[in-house]
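In: using only what follows, build the 3D model:
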Amino acid sequence: MEERLNKLLSAMGVCSRREADRLIESGKVLVDGVPAKMGQKVRMDQTVVCRGKVVGRGEAAAGAGNGKTARRVGSGRADGTAAQDARPASLPRSMKKPRPVLLAVNKPKGVVCTASDKDKAPNIVDMIQYPVRVYYVGRLDKDSEGLVLMTNQGDLVNKIMRSGNAHEKEYQVVVDRPVTAEFLARMEKGVRLKELDRTTLPCKVRKTGDKRFSIVLTQGLNRQIRRMCEACGCHVRSLKRVRVMNICLGDLKSGEYRQVEGAEYREFMKLLEHSTNLSFRQQNAARGPINRMENENGR
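Out: Just a heads-up that it's a prediction; the model follows:
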């Protein structure tokens, strides 16, 4: 049985499908020692190497640890630059998909989600040192803190982050000026961001203090809240994400993580049942020309 390479890498917990496509395009994925091609399909008995590591080796060891132990920022960094020009000896000839993992992490300020930070800041993956390969769902910038979900389930990433799926992310914000009724109304209606040439979607905003407010977004533009505040004449002094859908930060300490499981996990997956991981353009292409015309005529 064959499976698309990007889908396989996602299912194996290596990365999201989008990231898999980038890695394939940049020549960092090999199939039986040969650089992979975009759209390529692979069999489960073939050897796939991604960034110098054999996919499937150790990935199914899964879920060791109970998610209760605090993990702090370490000194080591994994830069993924291992050599890829030689096929490793003793390769596994089959790949077993790992047990699904979903973690709630409290990211401190100063820790980055991306592995290519120019300042060489500590990375969230290195920070938690989880025994199974996981990656973040919806980054927080270096100066922000709070809830970051991490998973080995690639399909979850776009299902959660696509604005068309309307999944809520809640933040607590402190700004440098008093929060006024005019400010709240403007933020709630949607703010034009000239640098992105976008107007933000309507959102829920609530005053929680003289210079504090809570905001619930269903989209995730780059530095969106900071840009919205600046467009409204103020600057963010503190920004913390406290909820993603039904998963709350609660009393989880900074730098620690916990596993999302039981009723909380089941509710989370139920909320994603009818979500798509496709962009609007991909959805439109999948409908075909006739369905696209019917969709556009119905607007």
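In: residues contacting Leu147?
Out: Taking CB atoms under 8 Å, 6 or more residues apart in numbering as the criterion, Leu147 is in contact with Ala104, Val105, Asn106, Lys107, Arg241, Val242, Arg243, Val244, Ile247, Cys248, Leu249, Leu252. Placement of C-beta: from N, CA and C, glycine included.
In: so which of these are in strands?
Out: Using DSSP state E to define strands, the subset of those located there is Ala104, Val105, Asn106, Lys107, Arg241, Val242, Arg243, Val244, Ile247, Cys248.
In: and the residue lying closest to Arg133 once chain neighbours are set aside, helix, strand or coil?
Out: Using CB to CB, 6 or more residues apart in numbering and skipping residues adjacent in sequence, the residue nearest Arg133 is Gly13, 5.1 Å away. The local conformation at Gly13, judged by DSSP: H, G, I helix; E, B strand; the rest coil, is coil.
In: count the neighbours of Phe268 for me.
Out: Here the number of neighbours of Phe268 (other CB atoms under 10 Å) works out to 20.
In: that one: which element?
Out: Following DSSP states H and E, one finds Phe268 within helix 262-271.
In: quick one: low-confidence parts of the protein?
Out: Under the criterion of pLDDT under 70, the regions of the chain flagged as low confidence span 57-97, 115-119, 163, 277-299.
In: so Lys207 sits in a helix?
Out: No: judged by three-state DSSP, Lys207 forms no part of a helix; its state is strand.
In: just to revisit the earlier point, next one: phi and psi at the residue nearest to Arg133?
Out: Comment: the main-chain dihedrals of Gly13 come out as phi 80, psi 20, following degrees, to the nearest 10.
In: what does Leu23 give?
Out: Dihedral pair for Leu23: phi -70, psi -40, per degrees, to the nearest 10.
In: give the buried residues for stretch 215-228.
Out: Residues of stretch 215-228 classed as buried by neighbour count (16 or more other CB atoms under 10 Å): Ile215, Leu217, Thr218, Gln219, Arg223, Gln224, Ile225, Arg226, Arg227, Met228.
In: go on, stretch 173-185?
Out: Buried residues in stretch 173-185, defined by neighbour count with 16+ other CB under 10 Å: Val173, Val174, Val175, Val179, Phe183, Leu184.
In: closest one of these to Tyr135?
Out: Using CB to CB, Val173 is the member of the buried residues of stretch 173-185 that sits closest to Tyr135, with 26.0 Å.
In: contact partners for the closest one?
Out: The neighbourhood of Val173, defined by CB under 8 Å, 6+ apart, consists of Arg212, Phe213, Ser214, Ile215, Ile225, Cys229, Val236, Ser238, Leu239, Lys240.
In: now, these that are in helices?
Out: When DSSP state H defines the helices, the subset of those inside them is Ile225, Cys229.
In: let's see the PyMOL selection covering just the buried ones among the ones in strands among the contacts of Leu147.
Out: The following PyMOL selection, which keeps only the buried ones among those, applies the criterion 16+ other CB under 10 Å:
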select buried, resi 104+105+106+107+241+242+243+244+247
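In: so what are the sheet partners of the helix or strand where Gly146 lies and their directions?
Out: Assigning secondary structure by DSSP H and E places Gly146 in strand 145-151. Pairing partners of strand 145-151, with direction, according to DSSP bridges: strand 102-107 (antiparallel), strand 135-137 (antiparallel), strand 236-244 (parallel).
In: after it, which helix or strand is next?
Out: As assigned by DSSP H and E, the chain's next helix or strand after strand 145-151 is helix 154-161.
In: quick one: that next one to strand 145-151, angle?
Out: Interaxial angle of helix 154-161 relative to strand 145-151 (axes from the mean of the first three to the mean of the last three CA atoms, to 10 degrees): 140 degrees.
In: which residues sit against helix 154-161?
Out: Taking contacts as CB under 8 Å, 6+ apart, the residues outside helix 154-161 that touch it are 7, 9-11, 13-18, 20, 102, 135, 137-138, 149, 151, 165, 167, 220, 244-245, 272, 275-279.
In: that helix vs helix 262-271, what angle?
Out: Calculated by the same axes, to 10 degrees, helix 154-161 forms an angle of 70 degrees with helix 262-271.
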